[in-house]
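**Q** Any chance you can model this:
(one chain, ligands or ions: 3)
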Amino acid sequence: MSRRTALKAGGLTVAGLTLSNLFAGCTIDSGGSNNSIEGSAGRLLKSRLTLPAAFRARLPVPPVLEPVSVDGTADHYEITQKAGLASILPGVLTEVWGYDGLFPGPTIVSRRGRRTIVTHRNELPVPVSVHLHGGRTAAEHDGYPTDLILPVVGGDRHSHHEGATTAGSRDYIYQMNQPAATLWYHDHRMDFTGPQVYRGLAGFHLIHDDVEDALGLPSGDRDIPLMITDRAFAADGSFLYPSVDPSLEGTPGVTADYMSGVLGDCLLVNGAPWPVLEVAAVKYRFRILNASNARRYRLRLDGGQHFIQVGSDLGLIARPIEHEEIDIAQAERFDVIVDFSGHEVGDEITMINERGAGRTADIMRFIVTRRGTDTGAVPNRLVDLETLSPDDVSVEREFVFARGGARAHGMTLWTVNGKPFSPDTLIAEPRLGTTEKWTIRAANVEHPFHIHLAPFQVLGRNGNDDPGRYNHGWKDTVNLDNGGRAELLIRFDGYRGRYVFHCHNLEHEDMMMMANFEVV
Ligand code: C2O
Ligand code: CU
Ligand code: CU
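**A** Ligands and ions are numbered 1, 2, ... in the order given. As a prediction, the model looks like this:
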């Protein structure tokens, strides 16, 4: 089935979406693309209902997915992508498109070296593609933007293949040959990643290993993933997104006036608005993920409480780093310890967003409700990390992320080196097993750079010879300020094949700020 038919199939059953209601209330302003609001490229979309008071909802923790079968070397999981009704705001239900109908999706927990096989079945009305963000994954299982799973449309068509497109369901095979880390999985359908992630297609995928076990970090119900997102709601409680109807073939997922990024006015953690977590006066481990489409955050805990960072995107860092505040761009992960042991029962600690204004300045609250027996101190050496050096570099490349160089549908697109994304062009062919130095420059607004497969270390930023406070260890995403520059040492290892790198502002990505590389 061609992409054309796939898009049509997707458009048939999109409930309740019409162009006229999508455009209602939006003013077309393509000049709005250079907006930077609250430190984030994008445009604020306001909810059409009254948002609830903060710190009333309990923090949900996504369920851990149980394998359907386990053998000597592999754990097998099944996920059905489908619509579900979530109770996010009081008095209304929100339709989510979720993994197992949930937002966030269930958390997958893998062990290093054991294969994880996930069968995804698509009962949504649109095509999907599943990407394991941060995964060292073979190209055919990486969720390439046009490797689609078409809707089941009444009947199981598991074995029907045409090209890379599969009808109904398919298996994704992950070797899990990588260190303990906080990964996440999300939709990656070409042109529609923004709207489909916004509707709920995102979940955590954690990897554990022996090195991590030996550190004695807080675990069990003291190891909690926190997925931060921003959303806007329609009057009936549904998610509001300035979508173009997917039945319109060839059109991008977001309307022109929001192509700089969709910023919601309601902050959700694990799908709940400004929630509260009751804690004991002990140490906790929080795996913080910014899964927002376009919003960046500057996190701080009030009352002088610090974060102790133990991990970054792709695993534990060499030594813990204490932060008063954390800048987190879209798709980045910060694995942190927060030590509540200095607090009294009854104390409240609020996580705030220093980039926010009004309601978006609050994120969530911790309330100390009991004493507890603490785990030991955080070790001051965590893992031995190999440090890449410029001496290892075989090839240097430079990529400019900017708006311009190409137009479509009357809009100036977001591009990489002036070219819009096309599945048919390669921008780089790194050799398997080599390290390259890439310089990434950002223009017009800020852009979080993300690359599939290949982990990197930040060598320098904005002309400085150090990675900056927030870029320690192995990363897969790095934030670039407007006019900023990052020098990265990237290790191309694991697999040959075609992959993408792109801006993780999902509206920029959908509006073509993405490129292919092939590991040869
Ligand atoms: Cu988080 Cu290409 O994606
Ligand atoms: Cu990725
Ligand atoms: Cu961007």
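
**Q** Now do the same for residue 212: helix, strand or coil?
**A** Under DSSP: H, G, I helix; E, B strand; the rest coil, residue 212 falls in the helix class.

**Q** List phi and psi for the closest residue to residue 455 other than its chain neighbours.
**A** Once flanking residues are discounted, residue 455 sits nearest to residue 474: 4.5 Å by CB to CB, 6 or more residues apart in numbering. To be clear about C-beta, it is placed using only N, CA and C from the backbone, and glycine gets the same treatment. Main-chain dihedrals, residue 474, degrees, to the nearest 10: phi -80, psi 130.

**Q** I'd assumed residue 315 was in contact with residue 474.
**A** Yes: counting by CB atoms under 8 Å, residue 474 touches residue 315, with 5.9 Å between them.

**Q** what touches both of the two?
**A** With contacts defined as CB atoms under 8 Å, 6 or more residues apart in numbering, the residues shared by residue 474 and residue 315 are residue 179.

**Q** In the protein, what residue comes closest to ligand 2?
**A** Residue nearest to ligand 2 within the chain (CB to the ion): residue 133, separated by 3.8 Å.

**Q** Just give the nearest non-adjacent residue to that residue, would you?
**A** residue 184 (5.1 Å).

**Q** Just say helix, strand or coil for the closest residue to residue 202 other than its chain neighbours.
**A** Nearest residue to residue 202 in three dimensions, chain neighbours excluded: residue 186, at 4.3 Å (CB to CB, 6+ apart). Here residue 186 is recorded as strand under three-state DSSP.

**Q** go on, the one 5 residues further on?
**A** The three-state label for residue 191, taken from three-state DSSP, comes out as coil.

**Q** what's the burial count for it?
**A** Neighbour count for residue 191, taken as other CB atoms under 10 Å: 22.

**Q** Tell me the spacing between it and ligand 1.
**A** Distance of residue 191 to ligand 1, computed by CB to the nearest ligand atom, to the nearest Å: 13 Å.

**Q** In contact with that residue: list those residues for me.
**A** Each residue near residue 191 by CB under 8 Å, 6+ apart is listed here: 145, 251-253, 510.

**Q** farthest pair in the residues you listed?
**A** Across those, the longest distance by CB to CB is 15.7 Å; it joins 145 and 251.

**Q** Wait, residue 469 touches residue 323, no?
**A** Yes: between residue 469 and residue 323 there is a contact under CB under 8 Å: 7.0 Å.

**Q** So between these two, which is more surrounded?
**A** residue 323 (17 against 12).

**Q** That one and residue 115, how far apart?
**A** Residue 323 sits 35 Å away from residue 115, going by CB to CB, to the nearest Å.

**Q** for residue 475, same thing?
**A** In this view, residue 475 and residue 115 are 25 Å apart by CB to CB.

**Q** Please identify which of those two sits among more neighbours.
**A** Higher neighbour count among residue 475 and residue 115: residue 475, with 26 against 16, using other CB under 10 Å.

**Q** which residues pair with that one across the strands?
**A** residue 456 (DSSP bridges).

**Q** show me the residues around it that make contact.
**A** With CB under 8 Å, 6+ apart, residue 475 has these contacts: 312-314, 332, 455-458.

**Q** Highest neighbour count among those?
**A** Counting neighbours by other CB under 10 Å, residue 456 comes out on top of the contacts of residue 475 with 27 neighbours.

**Q** Show the contacting residues for the closest residue to residue 309 other than its chain neighbours.
**A** Distance criterion CB to CB, 6+ apart; nearest residue to residue 309, sequence neighbours excluded, is residue 321 at 4.6 Å. Going by CB under 8 Å, 6+ apart, residue 321 touches 308-309, 469, 472.

**Q** make it 10 Å
**A** If you count contacts by CB atoms under 10 Å, 6 or more residues apart in numbering, residue 321 has them with 307-310, 312, 334, 336, 469-470, 472-473.

**Q** okay, it: pLDDT?
**A** Looking at residue 321, its pLDDT stands at 98.

**Q** What count of nearby residues applies to the closest residue to residue 379 other than its chain neighbours?
**A** Nearest-residue entry for residue 379: residue 215, 5.6 Å, with adjacent residues in sequence omitted and distances by CB to CB, 6+ apart. Using other CB under 10 Å, residue 215 has 17 neighbouring residues.

**Q** Just read off the phi/psi values of residue 215.
**A** The phi and psi values for residue 215, taken as degrees, to the nearest 10, are phi -80, psi -20.
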